[in-house]
Structure formats: structure tokens, C-alpha cells
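Visitor: Just need the structure, nothing else, for what follows:
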Amino acid sequence: MLRGFAAEARTASGTGGTMAAEPKMGKFKTLWKQYGWTFLGTYLSVYVVTLSGIYLLMYNGLMRTDTIHQDKDLHAHGMNPRQLQKRVDGWLKDYLGLDVGLDKVDPRTSTFVTAWLTTKLTEPARFVFTAMVTPRVARALGRAPKL
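Guide: Sure thing, here's the model as predicted:
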């Protein structure tokens with residue numbers, strides 16, 4: 001039923017009903033097919049900037065949830081990066097059975113691990129941003145696909 005509807009829609013739009021069905025590809029594969037190394041370079045650049053930014057914010061104490069809230073009740077539940085590291089360590093131990101011991105390693109290492117986990121949470125937003133900006137980067141580099 002859906003195939004018939006799709007064929008009717010193609011015929012009605014003037015493209016003809018004998019058009020070959022496009023392979024079902026994910027957004028990543030589509031962007032890779034169109035932009036190739038430009039997409040990969042843009043994605044990795046966004047990733048490195050995000051990870052570096054979050055790490056520097058945490059390392060310098062600028063990314064603290066306890067400084068965001070001014071309400072006393074909310075302030076009591078704030079969490080600095082060291083508390084976040086302890087929670088992540090507890091979560092890894094409880095749910096995955098991994099005894100990483102983030103609280104026992106060098107603070108820079110545990111801050112990096114926490115920044116990396118936080119960066120993983122930004123994956124959907126980073127991908128959407130990369131998908132939006134890659135065509136502009138490709139045009140600026142003279143690598144835009146031919147239409």
C-alpha cells in the first residue's frame with residue numbers, strides 16, 4: 001500500500017513512476033557520501049573543540065553546577081566536578097561493575113574522563129551542528145559537491 005502511494009506521488013510530481021528506489025542510508029552515510037573527508041574533518045574539529053572547551057572549563061573551575069543556582073535549596077544540591085567524578089565512578093561501579101577509581105587518580109585525568117563523558121552527552125547536538133555547518137565549510141574550501 002505504501003509503495004503504491006509512493007509511486008503515485010512520484011508520478012503526480014512529474015518524476016515518473018519507474019524511478020529506482022534510493023537506498024536507505026543514515027544521515028551520517030549520506031553526509032559522508034556527499035562531503036567525504038570534509039565532513040569527517042568538520043566533525044572531528046567540532047569534537048575536539050567541544051572536549052577541549054569542557055575540559056578547560058572543568059579544570060579551571062568554571063563549570064560548576066553549584067555556582068549556577070542562587071536558591072539555597074538548589075544550592076545545597078549543586079555539584080562541583082569532583083563530586084561529579086565520584087558519582088560517575090559510583091555509577092560505573094554499580095551498573096557496569098568497573099572499579100575505575102576516578103577519585104584515586106590524578107585530578108587532571110579524572111577531570112578529563114569526566115569531560116569526555118560530558119562530551120559524549122553532547123553527541124546529538126554536535127552531529128546536528130556538524131550537519132548544518134559542513135556544506136558551508138565545503139563551499140569555503142572549494143569542495144562542495146557538484147549538483
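
Visitor: any weak-confidence spans in the protein?
Guide: Applying pLDDT under 70 to the chain flags the ranges 1-25, 64-82, 84, 102-103, 147.

Visitor: Please, which helix or strand holds the residue lying closest to Leu31 once chain neighbours are set aside?
Guide: Ranked by CB to CB, 6 or more residues apart in numbering and with sequence neighbours excluded, the top spatial neighbour of Leu31 is Phe39, at 4.7 Å. In short, each C-beta sits where N, CA and C put it, glycine included. Per DSSP states H and E, Phe39 falls inside helix 37-59.

Visitor: Which of the residues in that helix are classified as buried?
Guide: The neighbour-count check on helix 37-59 (16 or more other CB atoms under 10 Å) flags 38-39, 41-43, 46-47, 50-51, 54-55, 57-58 as buried.

Visitor: Switch those over to a markdown table; also include distance to Leu98.
Guide: A markdown table is the format used below for the buried residues of helix 37-59 (distance: CB to CB, whole Å):
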| residue | distance to Leu98 |
| --- | --- |
| Thr38 | 37 |
| Phe39 | 33 |
| Gly41 | 33 |
| Thr42 | 33 |
| Tyr43 | 28 |
| Val46 | 28 |
| Tyr47 | 24 |
| Thr50 | 24 |
| Leu51 | 21 |
| Ile54 | 22 |
| Tyr55 | 21 |
| Leu57 | 26 |
| Met58 | 21 |
